[in-house]
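**Q** Show me how the following folds:
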Amino acid sequence: MPDPPVKQACDACRRRKVKCIFPKPCEQCRAAGLVCRTSSQRQKKGRQGQTANILNELRANEIEQALVQDANISPSSAALRLGDNIPTPQSLQASGRCQFSKTPGLLSRELVDACSIYFFSRMRGTVPVLQPGGFRKQVDLADTSLHAYCFVTAFCAFVVTQTGFAVEHASSEFSRDFCTEDYRNSLIEEATEARKHIDPFTDPVRQNIIIAFLLYGCHIGLGNQRHAYYFLRESTTLYTASALESQAASAQVDDDDPSLAGKLFWLLVVSERDRAHAIRRHRPITLQVTPDSPQLEDDALPAQLEDDPLANASAIGFRCLVNLYRPFDEGFLGQWNGTNATCSIESLVHLEERIQSAVPVDLDLPDILMADLRVSQQWLRIMIWQLSTTAGFLSTNPTHECMDFRYPLLIAQDLCFATWKLSKQSMETHGIGLIEKIFEVACTLIDVMACLSAAGLRSSGFKLGPQDYLKHFFTLIHDLPGGRRRFLPLLLTKIGQTLPSMVDTITVHLKLQPGPLVPRCISEESSISAVVGNDCSIEQPSAELVSESEDWMNGNFNYAEMSRIGEKTPEIDEAFLQYSSYFP
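**A** All right, here's what the predicted structure looks like:
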């Protein structure tokens, strides 16, 4: 005789910690006016203490579901309510979060619409975990759901802080209200404060992970590395805490694309290894790539996006971005951090080949996607070369080109050619992270240039040389938003310490007025420019030097100087002190 079925309490009674009296619908749910249902998987426990108002929270969740299913509520009317943004602590009282009150007038319909248009037309290939339809549903719920309000606020803060949104709207009246530093900080504070009143393990868990990721991006844009790492670590921890498994059986109202969960995993993987300091700042990683990890190649676009050229291009671009960072596993990071001594020339050469093949030379995508891919590709090649330097694999006659002392000169050349083809707006879209990569490539180029003779530094005729590449990097860092204040003083200090002969050349190129502390120790042998007052006269190289520098890659190279590479990277305080006179 089969065993009788085990009675299982319904979800509402389990959350409220009351006895569930069968048959269904149970007496408790009938008395409270709730829908009596039992999930296949046990849900996480609710909050305890002052925020443990479970009954009101359950009622609020049913209201949210009714709003989503109600066809009579149009997105425009919901957006209008959000635009009015009357402070409504009473509306949040239904969800049991009475302690939080929205800041009156902070989140307007105009800002939400502008941020949405900017993001979904430019950032879908870089942050592909959001879809326009799902975002509009969150906007509709922002007046009644604290989850949705926190999500929309964090989204707007991310767009205003991390992307080129402020630059695009700088000349409009719109910028006076929404692109100021105070308003940007207010958005971040509002989203952070709202998030304190949300249990991160309650549905929708995926949305909670994305909120943490958006706040991470905000702090990256502000330069708050510790805060950024905290929020990124929190998002990856939520992902690995089996939080997504508990909501797999439940319908997600914001899932227009069934592959969003896999894209979220790879977005976090890329962020941990790239912006998230595993490579840049030698910090540990949380997410591991295994055979069971989502495979983006198998993901098909939903039917409503198949005919969207931008969606198709964004999907291809994101797969290329994932392929760039996929090879940087625990083995490489162990070698990079010095915890794993097992390293070979063959493994690094193979890694270099995978990086180059990840973004094909003939890849044809919009400039916004290509900017992130090409700059990231050349930056990763520099990272591999630096590890080769540390391991002592470089030589004068290498069997592989990437093991040559001069290899960063070729990487700099490739990066220059790639960025010359890109529009400035496409690079502005990716914010400070892209500028930091260009800065690190430029620092390595300066180190290698310090080992070249004067003839090896110059260009001749119609050929470009290391000086031309360095000038181009200085121009990019000077012109892109955030680079002039944050990275240009560092780079000027770097060149003042390593290549003092080029300080005047760079300052004239950027039309900067030298301050009293700028080093002016230009030797006669390596001087290329002479600055007298406001006049600038460029010395023409002699015929002998021109003939010697026809091929700068094979010019004289001081290998003894290679031991100094990486020892003179300036500290930011010193850099700002020395070159503060350049900046208002």
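**Q** Which parts of the stretch 301-450 of the chain are helices?
**A** With helices called from DSSP state H, counting those that start in this stretch, the stretch 301-450 of the chain shows them at 309-325, 330-337, 345-358, 367-391, 407-420, 424-428, 431-449.
**Q** For Phe231, find the nearest of those.
**A** helix 431-449 (14.9 Å; CB to CB). Heads up, the C-betas are built off the backbone N, CA and C, glycines and all.
**Q** Contacts only, for the closest residue to Ser426 other than its chain neighbours.
**A** Sequence neighbours aside, Asp367 is the residue nearest to Ser426 in space, at 3.6 Å (criterion: CB to CB, 6 or more residues apart in numbering). Counting by CB atoms under 8 Å, 6 or more residues apart in numbering, Asp367 touches Leu422, Ser423, Gln425, Ser426.
**Q** are any of these buried, and which?
**A** Using 16 or more other CB atoms under 10 Å as the burial test, those include Ser426 as buried.
**Q** Most widely separated two among the contacts of Asp367?
**A** Leu422 and Gln425 (9.0 Å).
**Q** what would the helices of the stretch 301-450 of the chain look like in TSV with distance to Arg16 and mean pLDDT?
**A** As requested, those are exported to TSV (distance: least, CB to CB, whole Å; pLDDT from 0 to 100):
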stretch	distance to Arg16	mean pLDDT
helix 309-325	42	89
helix 330-337	44	79
helix 345-358	52	92
helix 367-391	48	93
helix 407-420	59	95
helix 424-428	51	92
helix 431-449	45	93
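**Q** Serialize those to JSON lines and add fields for distance to Asp292.
**A** Listed next are the helices of the stretch 301-450 of the chain as JSON lines, based on distance: least, CB to CB, whole Å:
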{"stretch": "helix 309-325", "distance to Asp292": "16"}
{"stretch": "helix 330-337", "distance to Asp292": "16"}
{"stretch": "helix 345-358", "distance to Asp292": "21"}
{"stretch": "helix 367-391", "distance to Asp292": "25"}
{"stretch": "helix 407-420", "distance to Asp292": "35"}
{"stretch": "helix 424-428", "distance to Asp292": "35"}
{"stretch": "helix 431-449", "distance to Asp292": "29"}
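**Q** So which of the ones you listed is nearest Lys511?
**A** helix 424-428 (17.5 Å).
**Q** wait, Pro294 sits on Phe265?
**A** Yes - using CB atoms under 8 Å, Pro294 is in contact with Phe265, at 5.3 Å.
**Q** How many residues are close by Gln413?
**A** 18 (other CB atoms under 10 Å).
**Q** how close does it sit to Leu510?
**A** 21 Å (CB to CB, to the nearest Å).
**Q** Straight-line length of stretch 397-410, end to end?
**A** The first and last residues of stretch 397-410 sit 16 Å apart, counting by CA to CA, to the nearest Å.
**Q** Give me the contacts around it.
**A** 345, 348-349, 352, 381-382, 384-385, 388, 393-396, 441, 444-445, 447-448, 451, 466, 469, 552-553, 557, 559, 562.
**Q** Quick one, which of the residues you listed are buried?
**A** Buried subset of those (neighbour count, 16+ other CB under 10 Å): 345, 348-349, 352, 381-382, 384-385, 388, 393-394, 441, 444-445, 447-448, 451, 466, 469, 552, 557.
**Q** Spatially nearest residue to Glu432 (excluding sequence neighbours)?
**A** Check again: residue 432 is Ile, not Glu. Gly482 (4.6 Å).
**Q** Low-confidence stretches in the stretch 201-350 of the chain?
**A** Applying pLDDT under 70 to the stretch 201-350 of the chain flags residues 203, 242-258, 275-277, 297-307, 341.
**Q** what does the host helix or strand of Asp468 contact?
**A** In the assignment (DSSP states H and E), Asp468 maps to helix 466-479. Contact with helix 466-479 is made by 409, 412-413, 415-416, 419-420, 424, 427, 435, 438-439, 441-442, 445-446, 448-449, 452, 456-459, 483-484, 487-488, 491, 495, 502, 505-506, 509-510, 528, 552, as judged by CB under 8 Å, 6+ apart.
**Q** Check which helices and strands the very next helix or strand once past it is in contact with.
**A** Per DSSP H and E, the first helix or strand lying C-terminal to helix 466-479 is helix 483-486. Where contact means 3 or more CB pairs under 8 Å, 6 or more residues apart in numbering; DSSP states H and E, helix 483-486 is packed against helix 431-449, helix 466-479.
**Q** Please identify the most buried of those.
**A** Most buried of the helices and strands packed on helix 483-486, by mean neighbour count (mean count of other CB atoms under 10 Å): helix 431-449, with a mean of 22.
**Q** dump the residue contacts of the closest residue to Cys156 other than its chain neighbours.
**A** Taking CB to CB, 6+ apart, and ignoring the residues beside it in sequence, Cys156 has Cys115 as its nearest neighbour in space, at 4.7 Å. Cys115 makes contact with Phe155, Cys156, Val159, Val160, Phe165, according to CB under 8 Å, 6+ apart.
**Q** Around the closest residue to the first one other than its chain neighbours, count how many other residues there are.
**A** Residue nearest to Phe155 in three dimensions, not counting chain neighbours: Leu214, with 6.0 Å by CB to CB, 6+ apart. Counted with other CB under 10 Å, the burial measure for Leu214 works out to 27 neighbours.
**Q** Relative to Leu232, how far out is Leu214?
**A** Taking CB to CB, one finds Leu214 at 11 Å from Leu232.
**Q** And for Gln99?
**A** Taking CB to CB, one finds Gln99 at 27 Å from Leu232.
**Q** Same drill for the two, tell me which one is more crowded.
**A** More crowded of Gln99 and Leu232, by other CB under 10 Å: Leu232, with 25 against 12.
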